[in-house]
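Participant: Structure of the sequence below:
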Amino acid sequence: MTILEMKHVSKAFGGSQALSDIQFEVEEGEIHALLGENGAGKSTLMNILTGVIPADSGTIRFLGKDYPTPTIQQMEAAGIAFVHQELNVINDLSVADNIFLCRELTNKIGLLRQKEQVARARQLFEDLGVDIDPTAMVSELKTSEKQLLEICRALYVDAKLLILDEPTTALSNNEIDHLFKILRKLKTQGKSFIFISHKMPEIFAIADRYTVLRNGKYISSGNIKDTNAHEVTALMVDRQYADEDVYVSRPLGEPILELRKYSGRGFHDIDLSVRRGEIVAFTGLAGCGASELMQTMFGALPAEGGQMLVNGRSLTGSIVRFMKNGVAMLAANRKENSVVPDMSIMENFYLAEHELSRAKHPFISMKEESVRYERQKESLRIKAGSSDDSILSLSGGNQQKVFLARWLNIGADVLLFDNPTQGVDVGAKEEIYRLILDFAESGKTVIINTLEIPEIQKVADRCVVFYEGQIVKIFEHSQVNEHDVMLYSTNAIKSEEAAS
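Facilitator: The predicted structure follows:
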């Protein structure tokens, strides 16, 4: 029996069409994989289903009832629960308190029936084979236990359809097996699941059917048993590749950066050598470990094993130590990690240089800094008024250029860019691509972390693909294509090998 029907669903944000005429159905007692690359429209579709945002057009029918303009409260009451990738548990409450949050059991005078809540939570866990103490503080739980807690909370309110968004990102193989065992048990009880994941082995291990979205459009649906990882990957990938005219090959110098069995939070045993003037792209699914590796290479996270060498010198310690050895990083979240909103453009520009020199030169020479800023402004084509203006007066692309100038101002030789074009417009992206190539041409070593394959094709000499904290494939520039990169990013290649 079909319990969910979404027909002709469309949604635009400003001038951007996020969803166009989407069709999506879920059957009772099935696990339905919702697939697509980043930006395909999966999250937008689920937010419409759960009442977070309204659709511009289309219909939603759940358990035989139409919802023309669904709200969050309506869809929760109807029996739809969304278990987000970013878990929504409250660490300062107990496990039982989280289960009954906003649905507390009270007596006639409003006092909490704490013992009954603990007993009911314990029974719920026993029924599912979940080994969690209801009286424990959530802060004491492992990530996998918090994931199960979210699912149990949804089941307590008798959710009929659970949306699981990348539920295995932070789980070990044993924890994933345990989660899947629970999902299969719930499926036999008539529960349905929308399973959002990029990991092909998991999709083929747990899902019954699939739907693929691409660029906000419905592409295909079918039974998992009737397809394979290569076919699904081909459906997910947009064949309209970006032009590769931007890329220019260049002679490379000697190795300048080496990682030897480098390990840390989210990655392990990384071996990689990068040459002077080379552009290397890291890529993989969200949570693959590439971003954490990059943060560790800048001293923002501690290394847990192995070595990182720059110009033959082993680096450990603080960010300042890495900066002093010519390593710079453009962080992924510009607003949180780069912008100092209360400072001017000029002050944002010279921050790094002042940090390194303040011991010997505690006073800032505005005359000297102005000369340096104007030089970088011209070189990077920063579109700005007065350098005394607020950094917030600039567009996202020009803010990003100011932060590039910040690192060039200290003469950094190794530039680490974590999603450098995130949140900037198309024109600014092209400018940043040109700058990356210019940096490499001048002998700087550039490593970028990006989920966008066309971006890699435009600038990278090599593409390093990560899966669950390890390097699984390195492509030369001429070998990079969306299909093959996606095969390794999702571990679909292993799924195919196991099936053959």
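Participant: Can you tell me the SS state at the residue nearest to I456 when sequence neighbours are not counted?
Facilitator: Once flanking residues are discounted, I456 sits nearest to A281: 4.3 Å by C-beta to C-beta, 6 or more residues apart in numbering. The way it works is simple: take the backbone N, C-alpha and C, and place the C-beta from them, glycine included. Three-state assignment for A281 (DSSP: H, G, I helix; E, B strand; the rest coil): strand.
Participant: My guess is A281 contacts F466. True?
Facilitator: No: using C-beta atoms under 8 Å, A281 is not in contact with F466, being 10.9 Å away.
Participant: Give me the most central residue, this structure.
Facilitator: A286 (3.5 Å; C-alpha atoms, centre = their mean).
Participant: Might you quantify the distance of stretch 445-455 from its chain's geometric centre?
Facilitator: Centroid displacement of stretch 445-455 relative to its chain, using C-alpha atoms, centre = their mean, to the nearest Å, is 14 Å.
Participant: Only alpha carbons, please: show that stretch as PDB.
Facilitator: Provided in PDB are the C-alpha atoms of stretch 445-455 (Å, rounded to 0.1, in the frame of the first residue of the first chain):
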ATOM      1  CA  THR A 445      51.300  24.600  -3.500                       C
ATOM      2  CA  VAL A 446      47.500  24.600  -3.300                       C
ATOM      3  CA  ILE A 447      45.200  21.900  -1.800                       C
ATOM      4  CA  ILE A 448      41.500  22.400  -2.100                       C
ATOM      5  CA  ASN A 449      38.700  20.400  -0.500                       C
ATOM      6  CA  THR A 450      35.500  20.500  -2.600                       C
ATOM      7  CA  LEU A 451      32.500  18.400  -3.300                       C
ATOM      8  CA  GLU A 452      32.100  19.900  -6.800                       C
ATOM      9  CA  ILE A 453      33.700  17.700  -9.500                       C
ATOM     10  CA  PRO A 454      33.500  20.500 -12.200                       C
ATOM     11  CA  GLU A 455      35.500  22.600  -9.800                       C
END
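Participant: ok, and for it, which residues are buried?
Facilitator: For stretch 445-455, a neighbour-count test (16 or more other C-beta atoms under 10 Å) marks 445-455 as buried.
Participant: Quick one: mean pLDDT over stretch 120-134.
Facilitator: The average of the pLDDT scores along stretch 120-134 is 87.
Participant: Can you give me the domain boundaries for this protein?
Facilitator: 2-236, 255-480 (automatic domain parsing).
Participant: Of all the ones you listed, which one is nearest M486?
Facilitator: With C-beta to C-beta as the measure, domain 2-236 is the member of these nearest M486 (5.1 Å).
Participant: The closest one: end-to-end distance?
Facilitator: 25 Å (C-alpha to C-alpha, to the nearest Å).
Participant: cool, stretch 252-271 as well?
Facilitator: 19 Å.
Participant: How about stretch 158-175?
Facilitator: Terminal residues of stretch 158-175 are spaced 24 Å apart (C-alpha to C-alpha).
Participant: from the buried residues of stretch 445-455, which ones fall inside helices?
Facilitator: Per DSSP state H, helices hold the following members of the buried residues of stretch 445-455: 453-455.
Participant: Check the secondary structure at H230 for me.
Facilitator: helix.
Participant: nope, Y488 is what I meant
Facilitator: Y488 ends up helix, using three-state DSSP.
Participant: Outside of the helix or strand where F82 lies itself, list whatever touches it.
Facilitator: Applying DSSP states H and E as the criterion places F82 in strand 80-83. For strand 80-83, contacts defined as C-beta atoms under 8 Å, 6 or more residues apart in numbering pick out 46, 49-50, 62, 147, 150-151, 153-154, 157, 159-165, 167.
Participant: Only the buried subset of these, as a PyMOL command please.
Facilitator: Selection of buried members from these for PyMOL, criterion 16+ other C-beta under 10 Å:
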select buried, resi 46+49+50+62+147+150+151+153+154+159+160+161+162+163+164+165+167
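Participant: In strands, which of the contacts of strand 80-83 appear?
Facilitator: The strands, defined by DSSP state E, take in 62, 161-165 from those.
Participant: In CSV, list those along with distance to Q470 and pLDDT.
Facilitator: Putting the ones in strands among the contacts of strand 80-83 into CSV (distance: C-beta to C-beta, whole Å; pLDDT from 0 to 100) gives the following:
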residue, distance to Q470, pLDDT
F62, 41, 97
L161, 34, 96
L162, 30, 94
I163, 29, 95
L164, 24, 92
D165, 23, 87
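Participant: tell me which of those is nearest to E347?
Facilitator: The closest of the ones in strands among the contacts of strand 80-83, once distances to E347 are taken by C-beta to C-beta, is D165, at 39.3 Å.
Participant: In this structure A328 contacts L415, no?
Facilitator: Yes: using C-beta under 8 Å, A328 is in contact with L415, at 5.4 Å.
Participant: Could you pull up the contacting residues of M75?
Facilitator: M75 neighbours (C-beta under 8 Å, 6+ apart): 49-51, 62, 67.
Participant: So for the helix or strand it falls within, mean pLDDT?
Facilitator: Element membership for M75 (DSSP H and E) is helix 72-78. Averaging pLDDT along helix 72-78 yields 93.
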